[in-house]
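Undergrad: structural data only, the sequence is not supplied:
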């Protein structure tokens, strides 16, 4: 058992509260992503779980044990750093076995475990190289191998892919995810990239200003955002959130109008770009930008002063400057109140 | 621009550096070497070619061997200690501790003082009976001792003073070296259960080797170059017990006015320093990891 439980966790430096009363559970053998914009406290939470950072208050349990005040090395966690934190003067092999040497594992066993770990991440040919002679992706693999070789069941990752180019990043995403499943690791993964979160996570914990905004499976966050922040942070392009006062509401269908007149506090509505379609009737818009992506096309359109996105499959014959109407199904529409919270009808 | 004009342009740019180097480094070196091959000139006897006679004299001069050995002891006594202290001080002031700025400055102060001032301070420390050291020892019932007047203690006394002077200077280099090491390395090591000492010995020290090489060469050259304090403290005495090569050269040239022999001594010292510096660069560099 190596589930992680975080209870009422707080961290402050002087007057600055970086993490405010955060509680969540990471189930055993699951992949949890801490997601949020920079400065939201996600790395601080990860560092507190690892033991590299002191908690101001609250508790951290790993595998049922309270480790809040336990030394980092005795918590049974391994960590992959953003900069990889490889020792530049040691070879790949020496880097991987650094921890084993510290823990006085016999040389023979050490050798076997290094070879195993190197095999898992495909580094067997590079064991005698130094980090300076490796590519970014290879360094990333060394960091992973170092974490694998420790045979800890909890692995913490702090933006491990942010220094890679986008192609490699997609590859490593798959690799890390399959590694986690093959080795039955409990992973806590920090990122600000919602694509990583959506594609890898069992559970996403979305943070803002040191507080949890929403947590749940990727699909849940996408389809059931509880606030404007969730709705716009997840999804590319983000959800269109339109303030009612900027809209000519009388142009909308009666069904749609009925929805926000029944929920009196609605101040804005949200619709995902893929749920909006061009139509004969509806909100009048002017197309001012067309981004063609092959399988789909994203149109940037303007209604009065407000611009938003429309996503259509394929390549519809619509060009900049055209004046059209857009429409959507009422059930694809989300209502938000003036605190930007979701209203459920 | 025509080729010739370009050439002139290039030579003009090169000239200031070249003139300074030739006038103040190469010419004096060569002139010294030539001087060492001729006897001294006097009113009644002109200078004549003596070949390597001066160098023979050097090898048979017991005072030279004494100052040479003194200098070696000084190097041996100051270099490892001041490097060790420098690393220790750098590690301390690299931490986020209260009063860090003040501590850094205190460690560096001896370096900012001119050697003559340092010697004056330590002259007071070492003064028999009334000096700081004897006063403190007196509290514990020890008799006064003439630290600088005793051939057995004079060299160690100078070694201690030199360490005090140099460690702070080397600390600056180690501090700079430490700050290039990413703090994530320490965290990674910490997660693996690496102790403070293990981290220092397996990670920090190897990563500081380029700094150490640089400091080593500087420390070695300094142990031959720094003689200002001898003017204040001992003038090389008693019985040459604290005399060093450079001071001996100075005495030979300007007190005994034996330019020929002083030139031979200088050439010998230059050759020795050059060979050592080269050896350090070639042998140590192979074992040093540069990022």
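TA: Yep, it's here. What you see is a predicted model; the values in this text were computed from it and never measured.

Undergrad: check which residues of stretch A:297-304 are buried.
TA: In terms of neighbour count (16 or more other CB atoms under 10 Å in any protein chain shown), stretch A:297-304 has its buried residues at A:297, A:298, A:299, A:300, A:301, A:303. C-beta coordinates here come from the backbone N, C-alpha and C atoms, glycine included.

Undergrad: kindly report the same for stretch A:18-31.
TA: Using 16+ other CB under 10 Å as the test for burial, stretch A:18-31 gives A:18, A:19, A:20, A:22, A:24, A:25, A:26, A:29, A:30, A:31.

Undergrad: let me know the secondary structure of residue B:123.
TA: Here residue B:123 takes the helix state, with states given by DSSP: H, G, I helix; E, B strand; the rest coil.

Undergrad: could you list the low-pLDDT ranges of the chain?
TA: In the absence of a named chain, chain A is used. A:1, A:345 (pLDDT under 70).

Undergrad: think we crossed wires, I meant chain B
TA: Applying pLDDT under 70 to chain B picks out residues B:1, B:284-291.

Undergrad: residue numbers of it in contact with chain A?
TA: B:182, B:184-185, B:187-195, B:198, B:202-203, B:206-207, B:289, B:291 (CB under 8 Å from any CB of the partner chain).

Undergrad: buried subset of those residues?
TA: Judged by 16+ other CB under 10 Å, buried ones among the residues of chain B next to chain A: B:182, B:184-185, B:187-194, B:202-203, B:206-207.

Undergrad: ok, back up a step: could I get the buried residues of stretch A:297-304 as a markdown table with secondary structure and distance to chain B?
TA: Supplementary listing: those in a markdown table, determined by DSSP: H, G, I helix; E, B strand; the rest coil; distance: CB to the nearest CB, whole Å:
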| residue | secondary structure | distance to chain B |
| --- | --- | --- |
| A:297 | strand | 43 |
| A:298 | strand | 38 |
| A:299 | strand | 44 |
| A:300 | strand | 41 |
| A:301 | strand | 45 |
| A:303 | strand | 48 |
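
Undergrad: distance of residue B:15 from residue B:29?
TA: 20 Å (CB to CB, to the nearest Å).

Undergrad: I meant residue B:249, not that one.
TA: When CB to CB is the yardstick, residue B:249 and residue B:29 sit 14 Å from each other.

Undergrad: neighbour count winner among these two?
TA: Taking other CB atoms under 10 Å in any protein chain shown, residue B:249 and residue B:29 do not tie; residue B:249 has more neighbours (21 against 13).

Undergrad: so the more buried one sits against residue B:267, correct?
TA: No: using CB atoms under 8 Å, residue B:249 is not in contact with residue B:267, being 10.3 Å away.

Undergrad: residue A:115 sits in which helix or strand?
TA: Under the criterion of DSSP states H and E, residue A:115 resides in helix A:107-121.

Undergrad: after that helix comes which helix or strand?
TA: helix A:136-149.

Undergrad: tell me the gap between that next one and the middle of its chain.
TA: Distance of helix A:136-149 from its chain centroid, counting by CA atoms, centre = their mean, to the nearest Å, is 21 Å.

Undergrad: middle-most residue in the chain, spatially?
TA: Chain wasn't specified; assuming chain A. Centroid check for chain A by CA atoms, centre = their mean gives residue A:197 as the closest residue, at 3.1 Å.

Undergrad: that's the wrong chain, I wanted chain B
TA: Nearest to the geometric centre of chain B sits residue B:222, at 1.2 Å (CA atoms, centre = their mean).

Undergrad: so that residue sits against residue B:167, correct?
TA: No: with contact defined as CB under 8 Å, residue B:222 does not reach residue B:167; the gap is 11.8 Å.

Undergrad: so residue B:231 versus residue A:307, what's the distance?
TA: Plainly put, residue B:231 is 82 Å away from residue A:307 if you go by CB to CB.

Undergrad: same thing with residue B:61?
TA: From residue B:61 to residue A:307 the distance is 93 Å (CB to CB).

Undergrad: tell me the secondary structure at whatever residue of the stretch 1-150 of chain B ends up closest to chain A.
TA: Per CB to the nearest CB, the residue of the stretch 1-150 of chain B with the smallest distance to chain A is residue B:96, at 12.7 Å. Classification of residue B:96 by three-state DSSP places it in coil.

Undergrad: what number of residues are in the vicinity of it?
TA: The number of residues packed near residue B:96 is 5, by other CB under 10 Å.

Undergrad: could you check how far it is from residue B:207?
TA: Plainly put, residue B:96 is 20 Å away from residue B:207 if you go by CB to CB.

Undergrad: likewise residue B:257?
TA: Distance, residue B:257 to residue B:207, by CB to CB: 52 Å.

Undergrad: could you look up the SS state of residue 88?
TA: Picking chain A for this. Residue A:88 - assigned by three-state DSSP - is coil.

Undergrad: should've been chain B
TA: The three-state assignment at residue B:88 reads helix, by three-state DSSP.

Undergrad: just to revisit the earlier point, wasn't the residue nearest to the centre of chain B part of a helix?
TA: Yes: the assignment for residue B:222 is a helix, going by three-state DSSP.

Undergrad: excluding sequence neighbours, find me the nearest residue to it.
TA: residue B:166 (6.5 Å; CB to CB, 6 or more residues apart in numbering or on different chains).

Undergrad: with that, I have no additional questions.
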